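Visitor: How does the following fold in three dimensions:
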Amino acid sequence: MFLLLIGIISFSVSCTTPISLINKKPEKYDGKKVRVSGKVISSLQLKDIMCFTLKERGEKICIVTKNYLPITGEYIFVKGVVQRNFMYEGRTLLVIQESAKKAKKFKSWKKIPNPVLSE
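Guide: Reported below is the predicted structural model:
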């Protein structure tokens, strides 16, 4: 059982694309589906866009999401499509448009119930 767990972990890590390769050759990955992993170092929610920065071995990339923002400091896996010409407010950015994400630990992503206001 232990060897199976080690094999699954090794397989999941080996199936990720290093952020450094995407940054070095964005034209090769443009429009391609990738799976990256790393630590969330910042997040930003504006009125028309939500994004966070993922860092892996000193390399960073912006992840654009329509889902919820992960917590800073979490280690996550992200699936998405690389866009090297993502336009935002007149600027061209290299981003990954997220299709799915998975945290190493799910407990921090539990939904928080809405508080009931008492009169």
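Visitor: From now on I want contacts and neighbour counts done on CA atoms only, so please keep to that.
Guide: Will do.
Visitor: So Lys55 is in contact with Val36, correct?
Guide: No. The pair Lys55 / Val36 is not scored as a contact, 9.8 Å apart, by Cα atoms under 8 Å.
Visitor: Which neighbours do the two have in common?
Guide: Ile19 (Cα atoms under 8 Å, 6 or more residues apart in numbering).
Visitor: In the strand or helix carrying Ile61, which residues are buried?
Guide: Counting by DSSP states H and E, the element that carries Ile61 is strand 59-65. By 16 or more other Cα atoms under 10 Å, the buried positions in strand 59-65 come out as 60-65.
Visitor: Kindly reformat those as CSV and extend each row with pLDDT and distance to Val78.
Guide: Formatted as CSV, these follow (pLDDT from 0 to 100; distance: Cα to Cα, whole Å):
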residue, pLDDT, distance to Val78
Lys60, 97, 13
Ile61, 97, 11
Cys62, 96, 11
Ile63, 96, 8
Val64, 95, 11
Thr65, 93, 10
